[in-house]
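Student: got a sequence here, can you build the structure:
(chains A, B and C)
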Amino acid sequence: MGSDPAGRPLAELVAHVGGTLRGDGSLIIHGVEGLAEAGPRDLSFYGSHRYREALASTRAAAVLVPVGEEPSRLDLAVVQVPNPHLAYARISALFHPVARHAPGVSPRANVHPSARVHAEACVMAFATVEALAEVGPRVVLYPGVYVGKGARIGADSVLYPSVTLREGCLVGERVVLHASAVVGADGFGFAFDAEAQAHVKVPQAGIVRIEDDVEVGAASCIDRATTGETVIGRGTKIDNLVQVAHNVRVGPLSLLCAQAGISGSAELGTGVVLAGQVGVVGHIKIGDGARIVAQSGVVHDVAPGATLSGSPAVDLRAWLRQSAALPRMADLMREVRALRSRLEALEKETKP
Amino acid sequence: MGSDPAGRPLAELVAHVGGTLRGDGSLIIHGVEGLAEAGPRDLSFYGSHRYREALASTRAAAVLVPVGEEPSRLDLAVVQVPNPHLAYARISALFHPVARHAPGVSPRANVHPSARVHAEACVMAFATVEALAEVGPRVVLYPGVYVGKGARIGADSVLYPSVTLREGCLVGERVVLHASAVVGADGFGFAFDAEAQAHVKVPQAGIVRIEDDVEVGAASCIDRATTGETVIGRGTKIDNLVQVAHNVRVGPLSLLCAQAGISGSAELGTGVVLAGQVGVVGHIKIGDGARIVAQSGVVHDVAPGATLSGSPAVDLRAWLRQSAALPRMADLMREVRALRSRLEALEKETKP
Amino acid sequence: MGSDPAGRPLAELVAHVGGTLRGDGSLIIHGVEGLAEAGPRDLSFYGSHRYREALASTRAAAVLVPVGEEPSRLDLAVVQVPNPHLAYARISALFHPVARHAPGVSPRANVHPSARVHAEACVMAFATVEALAEVGPRVVLYPGVYVGKGARIGADSVLYPSVTLREGCLVGERVVLHASAVVGADGFGFAFDAEAQAHVKVPQAGIVRIEDDVEVGAASCIDRATTGETVIGRGTKIDNLVQVAHNVRVGPLSLLCAQAGISGSAELGTGVVLAGQVGVVGHIKIGDGARIVAQSGVVHDVAPGATLSGSPAVDLRAWLRQSAALPRMADLMREVRALRSRLEALEKETKP
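Tutor: Here you go, the predicted structure:
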């Protein structure tokens, strides 16, 4: 939060992201901001023509732009880079280094004697680490975190307050679990006993495995497998309030936006994008690079690279045609009635 | 829970809400209940013709009704008020005063020496208050609450168990955060690095600011801004499991019902109502007083006062026309086929 | 997790579920697995023709099949049972007995002196039990659990980490509340005061009552009633991130899948199934055995045994007809235009 009072020369930032500068490299930059919010000490970025007006009126000192873009404003320092948003992320990280937490286990934490907590890990008050669990170097466990029996957490991962990681689940390196995320709760599996009139619980004996560089949003839930593993692949990012059911396999580098839900045993490939509030039924496969529009419901396998929309979801172009037709339905019905009348009149005339 | 054993004279309740009484003001009222549930010691309310039958059969001793309403039942005491639901809320509050918690910091809480906790605040066991945080008078922090570094909470606010308020976030006065709500988790912002094949985190360096008199439901998530603020305006009420993304601005007096989701940088005006499971895409504006029907998906700016429905959401009247047409589509297709046959027959006849 | 190293003879498992064996009863079974994952020491199950290929290629030692099913593979031991999934659940429970927790109250828990905690209950570190609350025999309260004033929990129930059970709420026997579930938060009830320009809180003075054998998923929320009770009936199972509003009554043996939401005062009968992301408006009734397809929105009363789909939800068959018609709308409009042209041509000819 807040900007860097000392600041950094623009030339240093340009070098950091490998850009080409038009302007004064000795300019001191104190922070990064959006085009609309930036002030005369800030760097901003311009990534899409949608923000042309914001670029024209920004008060920023310098702006990251795509290679080839030449803003007409001469009062602006301009940094050309292949991917302005990415360069912005990297420069912002310079201004907002990740907080370091003092290593050590709080005397008010509860760590089982058989757990292995690395000397460089930080375990805060009211965190719990159960028997045989392993907590890697530089891991941070905030207050209220629960690490179940035999669970393992790789180096540099952060578990925010009130995260639950149930027994036996595996978390890779550099993973972030936001507050109140629940990893490894029982999958939703019951068999109906008609005689006893009861839903009988199917033991959920598997685990969750979260690979390296995954981020899981606040209050998101990833259920343990019935047997085997529920898997979140390397580098996948999950937003808040997302549901991932038992035995789901999400490939690497996917993005699951807020309130999306994936039913049991579904498989998502690499780089799949589920927009907000998307639902995916169980036991289907979504191919690499597929994109699903917000609020859609996926009920069949999806081909790699496809873009789907609607509930049930269909190819985006088909969906756009449907959506365009819908508002004209009332008119169409009127037209058909009119045609019928004219046809009837004609029929009477021709067969008198 | 439970009713007041001593009770209060009806006349006192009538005076409290400024109503007009038809009946015996010395009647002792012991509690408030819905029309169907009320017993002969209770006050109830009648606000809509939908409940005419319930009014006719209620066992209540007295009923709040709108001005001008004259129930025919003479055994009922009747209190005319401009807004029966509001009067009911005020009278119910007399019977259910908010619990007072003894001030003081539990020895089992964890409060950083540099935090400022008001002497009249109540900090329960297993609550955490980090460095430089401020907790105002009569604030209640339940067990498992986490107040991050430099966060500030205004007078008379209540944070229920396992609420997370991340570093630097601001909470106004008389705010209620229900259990497991998460305020200030990182926004969902990543830039794709095609070379490294990785989603690079965009630092989420802003905060959340919650104004006075806001209520946030259980397990709802309000993400911190990328830079600047995510804002929840004065008097807005948020239900359970709602997602508010980074840099969203919600105006005053809005109502966000359960499981609604608002994407990044969207702006909602004053008195906007999102019904349950509504989705709002990013970077759009919803005007003052607009109402969005349940499960709708808002993808464009919305005019003040508009009512929208559907996914994608359109004006309610247009949506009702569409919805009415939909079930007749199969018939329409049959009709068009029949017309074609008749037309073909006619064409043959006329051009032999 | 993991399989049983000692194993159990197949004949013992067959007897446990009352099945008929074709094969060698002395075979030692070490675990249960899905058809695709099972190895030569495992038992699996086959419940539907969808898995015919998996049955043909499974490496399992033995398979549970429906009565009458005679797999052609002679290398497989086959166990005929009326309900293979149910038999699988029962046998899996033999291999995965529920973990027993040592009874007793952790010295790091916070239990009010007036609370009654059974000597056989297990109250872990950082759990809170408030005044007058009752915790039954063999109940397990994980770290971070909050049990409010006067709340009651029946025998053999388990509350996972960071569960909140607010004051006065009642939980039956053998109930499971998964991590971060919130039971008894305030219902979402406000009356608008136009003069003061404020949403005035309607006190939520009722409770939640959860009957025996209910399971509630992670981060699911069940709000307390305005007055009276919100009820979850015996044996009902609720998945993750589900919203149940104030004064809802859910009958016994219902299944509420992930991210479903039920608005205030709705009533669900016995054995109702809400699939994922379903929404139900307030004050309606859903009859016994009704099934609602994923993402549907229920806006009217539903007859017992009905199956509904769509938003707004209609009878499944009607919805399938609509859905089939939708992709043909663009073609239909083209057809109608063509008919009009032909009709016009004909009209000109016949009335020259």
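Student: tell me which element A:Ala345 falls in.
Tutor: helix A:329-350 (DSSP states H and E).
Student: get me the contact residues on the stretch 101-250 of chain A for chain B.
Tutor: For the stretch 101-250 of chain A, the residues in contact with chain B (C-beta under 8 Å from any C-beta of the partner chain) are A:106, A:108, A:124-126, A:142-144, A:160-162, A:176, A:178-180, A:213, A:215, A:217-219, A:235, A:237, A:239-241. Every residue, glycine included, has its C-beta placed from N, CA and C.
Student: ok, the closest residue to A:Gly148 other than its chain neighbours - contacts?
Tutor: Nearest in space to A:Gly148, with sequence neighbours left out and distances taken as C-beta to C-beta, 6 or more residues apart in numbering or on different chains, is A:Glu167 at 3.5 Å. A:Glu167 sits next to A:Glu130, A:Gly148, A:Lys149, A:Gly150, A:Ala151, A:Gly184, C:Met1 when contact means C-beta atoms under 8 Å, 6 or more residues apart in numbering or on different chains.
Student: ok, the fourth one to C:Pro252 distance?
Tutor: With the distance defined as C-beta to C-beta, to the nearest Å, A:Gly150 ends up 36 Å from C:Pro252.
Student: again with the third one
Tutor: With the distance defined as C-beta to C-beta, A:Lys149 ends up 33 Å from C:Pro252.
Student: look at the two and report which has more neighbours.
Tutor: C:Pro252 (22 against 17; other C-beta atoms under 10 Å in any protein chain shown).
Student: hmm, back to that, contacts for the helix holding A:Ala345?
Tutor: With C-beta under 8 Å, 6+ apart, helix A:329-350 has contacts from B:321-322, B:324-326, B:328-329, B:332, B:335-336, B:339, B:342-343, B:346, B:349-350, C:329, C:332-333, C:336, C:339-340, C:343, C:346-347, C:350-351.
Student: buried ones among the residues you listed?
Tutor: Using 16 or more other C-beta atoms under 10 Å in any protein chain shown as the burial test, the contacts of helix A:329-350 include B:321-322, B:325-326, B:329, B:332, B:335-336, B:339, B:342-343, B:346, C:329, C:332-333, C:336, C:339-340, C:343, C:346 as buried.
Student: can you list the low-confidence ranges for chain A?
Tutor: Applying pLDDT under 70 to chain A flags residues A:1-5, A:351-352.
Student: return the set of buried residues in stretch A:6-15.
Tutor: A:Arg8, A:Leu10, A:Leu13, A:Val14.
Student: same deal with stretch A:215-223?
Tutor: Result for stretch A:215-223 [16+ other C-beta under 10 Å]: buried residues A:Glu215, A:Val216, A:Gly217, A:Ala218, A:Ala219, A:Ser220, A:Cys221, A:Ile222, A:Asp223.
Student: now do the helices in the stretch 201-350 of chain A.
Tutor: Taking DSSP state H, counting those that start in this stretch, the helices of the stretch 201-350 of chain A run over residues A:316-325, A:329-350.
Student: tabulate those (a markdown table), appending distance to A:Ser263.
Tutor: Compiled in a markdown table, those are given as follows (distance: least, C-beta to C-beta, whole Å):
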| stretch | distance to A:Ser263 |
| --- | --- |
| helix A:316-325 | 21 |
| helix A:329-350 | 32 |
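Student: closest to B:Cys257 out of these?
Tutor: Evaluated over the helices of the stretch 201-350 of chain A, closeness to B:Cys257 peaks at helix A:316-325, with 25.0 Å, by C-beta to C-beta.
Student: ok so, going back, out of the helices of the stretch 201-350 of chain A, which comes closest to B:Ala62?
Tutor: helix A:329-350 (49.0 Å).
Student: now that closest one and helix C:329-350, what's the angle there?
Tutor: Helix A:329-350 runs at 30 degrees relative to helix C:329-350, counting by axes from the mean of the first three to the mean of the last three C-alpha atoms, to 10 degrees.
Student: so how far is A:Leu332 from the closest residue to A:Gly233 other than its chain neighbours?
Tutor: Leaving aside its chain neighbours, A:Gly233 sits nearest to A:Pro252 (3.8 Å; criterion: C-beta to C-beta, 6+ apart). In this view, A:Pro252 and A:Leu332 are 46 Å apart by C-beta to C-beta.
Student: how about A:Ile292?
Tutor: 29 Å.
Student: and for A:Gly233?
Tutor: 46 Å.
Student: could you do A:Asn110 as well?
Tutor: Going from A:Asn110 to A:Leu332 by C-beta to C-beta gives 68 Å.
Student: may I have the helix holding A:Ala345 exported as PDB, CA atoms only?
Tutor: C-alpha atoms of helix A:329-350 as PDB (Å, rounded to 0.1, in the frame of the first residue of the first chain):
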ATOM      1  CA  MET A 329     -39.300 -14.000 -31.200                       C
ATOM      2  CA  ALA A 330     -42.300 -11.900 -30.400                       C
ATOM      3  CA  ASP A 331     -42.100 -10.200 -33.800                       C
ATOM      4  CA  LEU A 332     -41.600 -13.500 -35.500                       C
ATOM      5  CA  MET A 333     -44.700 -14.900 -34.000                       C
ATOM      6  CA  ARG A 334     -46.700 -11.900 -35.100                       C
ATOM      7  CA  GLU A 335     -45.300 -12.200 -38.600                       C
ATOM      8  CA  VAL A 336     -46.200 -15.900 -38.800                       C
ATOM      9  CA  ARG A 337     -49.800 -15.100 -37.800                       C
ATOM     10  CA  ALA A 338     -50.000 -12.500 -40.500                       C
ATOM     11  CA  LEU A 339     -48.600 -14.800 -43.100                       C
ATOM     12  CA  ARG A 340     -51.200 -17.400 -42.100                       C
ATOM     13  CA  SER A 341     -54.100 -14.900 -42.600                       C
ATOM     14  CA  ARG A 342     -52.800 -13.800 -46.000                       C
ATOM     15  CA  LEU A 343     -52.400 -17.500 -47.000                       C
ATOM     16  CA  GLU A 344     -55.900 -18.300 -45.900                       C
ATOM     17  CA  ALA A 345     -57.300 -15.400 -47.900                       C
ATOM     18  CA  LEU A 346     -55.400 -16.500 -50.900                       C
ATOM     19  CA  GLU A 347     -56.500 -20.100 -50.500                       C
ATOM     20  CA  LYS A 348     -60.200 -18.900 -50.500                       C
ATOM     21  CA  GLU A 349     -59.700 -16.900 -53.600                       C
ATOM     22  CA  THR A 350     -58.000 -19.600 -55.600                       C
END
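Student: fine, thanks again, bye for now.
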